[in-house]
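Chemist: okay, here's the prediction I keep looking at, along with the sequence it came from:
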Amino acid sequence: MEERWQELVPKFQELLARGDYMAIKRLLSSMEPPDLAEMLDAIPPRTRVLLFRLLPKDLAIEVFEHLEGSTREELLDHFTDGEIAEIIEEMSDDDRTALFDELPAKTVKKLLLKLSPAERDIANELLNYPESSAGRIMTPEFVDLKEYMTAEEAIRRIRQQARKKETIYTCFVIDRERRLLGVVNLEDLIMAEPQTSVRAIMNPDPVCVSTDTDQEEVARIMARYDLHTIPVVDKENRLVGIITFDDIMDVLEEETTEDFERMAGIQPTEEGYLDTNVFTLARKRFMWLTICVLTETITSSVLKEYSLEIQRVVALTYFIPLLIGTGGNAGTQSATLIIRGMTVGEIGWRDLWRVFARETLTGLLLGGALAILAVVRAYMLHTGPDVALIVAFALVVVVLLGNLAGIALPVIAKFFRVDPAVMSGPFIATVVDVCGLIIYFRIARFVLGLS
């Protein structure tokens, strides 16, 4: 817990001042790796390096795997070649691949040379898979069994391999060519009679993914089937690795963060907010703001086009912010629901007509309710019944337009294999702003009889 490690920081400082390193080691060894990683991330670099060196080897590797990217790079800069080799050699394969993805290519080349030949082969193999694919995040550290083994023999094999494997709770049955035949749980092996064959206990039709399956799709499959571990096979159905639940949690956090950033019109950043320098933050936001400024010039042109109507009925300008804000917000709400539905697999191509019908009805209901409020507001401003009627009609149409734009733009993006999250937030608001103003003034022309 964060509160616990914060309470321990003064204690560490006191022990460091006294030079009582044995007491520090004992205190560090009593803490959980995630808490240690969070503490090391928060303390000054010099103290961080010193405390990390005092960690027992096994604990140090676990803590290193939990650290954030910039902190890990900083620690690597302070380690000797021998220390670096020892850490990356002992890291789990999937965490090591994640670390290499964060580092510059030159650094990765140097680190690969420090690995043993066997580990170097594994690291290169994982790095060669496409980015964001199942192959990139899997680990080859799994327990494999043969179908002719008995439950007793299988448990003996698990006991021999347990320390070196990612998980032992789910084991994988393969043939001589390493083709996946089935999956068996440790619990089932323990509960079975000792001489029962693995073939009789295993699930012969396991859910699996291929090495090129997108990591978001892997997350969806694991959530759908409530899996803690999923096997990864190549094109010949040979078992090459597994993906565990903790890896998928990292993927979900990463993908969700990316979607939130894109929906807000921000280019995704690889580092955390506090680790990213101000110029990078500005650059990541600048592009979409520039696009918004350029597209909003269309709004200015629309206002100029209808300047005569504005001059004749100044009260029309009172409701421009209301229409723009409501339409943009309605579109963003609709897009958020649609993008979420497509992401988690609730909405497919065959569901689009239902989505269209539901959002049309929702838009009319929301627009009608908001139109009543707009009419009340118009009477409070003494604009007259004509302007109140114009605003009411325009608001219904603009909310409906916002809802339909919130459906259409993400779907178009999905069709062209672009992340639907890009088509939300500022983009939808800008489109609805321009179209909404044109609709508003067209209605005003019709109701007021202006030419």
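Modeler: Looks like it came in fine.

Chemist: find the nearest non-adjacent residue to the residue most central in space within the chain, please.
Modeler: Central residue of the chain (C-alpha atoms, centre = their mean): residue 255, 1.6 Å from the mean position. In space, residue 255 comes closest to residue 216 once its chain neighbours are excluded; the distance is 5.5 Å by C-beta to C-beta, 6 or more residues apart in numbering. Every C-beta, even on glycine, is put in place using the N, C-alpha and C of the backbone.

Chemist: list the contacts for that neighbour?
Modeler: With contact taken as C-beta atoms under 8 Å, 6 or more residues apart in numbering, residue 216 is in contact with 132, 251, 255, 343.

Chemist: per-residue pLDDT, the second one?
Modeler: What the model reports as pLDDT for residue 251 is 80.

Chemist: what's near enough to touch it?
Modeler: 137, 215, 216, 218, 219.

Chemist: same thing but at 7 Å, please
Modeler: Residues in contact with residue 251 (C-beta atoms under 7 Å, 6 or more residues apart in numbering) are 137, 215, 219.

Chemist: right, and the first one touches residue 249 too?
Modeler: No: the pair residue 137 / residue 249 is not scored as a contact, 11.3 Å apart, by C-beta atoms under 7 Å.

Chemist: the two: which is more packed in?
Modeler: The neighbour comparison of residue 137 against residue 249 (other C-beta atoms under 10 Å) goes to residue 137, with 25 against 11.

Chemist: so what's the more buried one up against?
Modeler: Here residue 137 is in contact with 94, 215, 243, 247, 251 (criterion: C-beta under 7 Å, 6+ apart).

Chemist: make TSV from those and add distance to residue 71 and secondary structure to it.
Modeler: Listed next are these as TSV, based on distance: C-beta to C-beta, whole Å; DSSP: H, G, I helix; E, B strand; the rest coil:
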residue	distance to residue 71	secondary structure
94	19	helix
215	24	helix
243	25	strand
247	20	helix
251	21	helix
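
Chemist: least confident pick among the residues you listed?
Modeler: Note: of these, the lowest pLDDT belongs to residue 251, at 80.

Chemist: what's the one helix or strand residue 373 maps to packed up against?
Modeler: Secondary structure from DSSP states H and E places residue 373 in helix 352-380. Identification of packing neighbours for helix 352-380 by 3 or more C-beta pairs under 7 Å, 6 or more residues apart in numbering; DSSP states H and E yields helix 320-343, helix 385-415.

Chemist: pLDDT (mean, whole number) over it?
Modeler: Here helix 352-380 scores 93 as its mean pLDDT.

Chemist: can I assume residue 240 sits in a helix?
Modeler: No: under the criterion used here (DSSP: H, G, I helix; E, B strand; the rest coil), residue 240 is strand, not part of a helix.

Chemist: identify the residues contacting residue 344.
Modeler: Here residue 344 is in contact with residue 220 (criterion: C-beta under 7 Å, 6+ apart).
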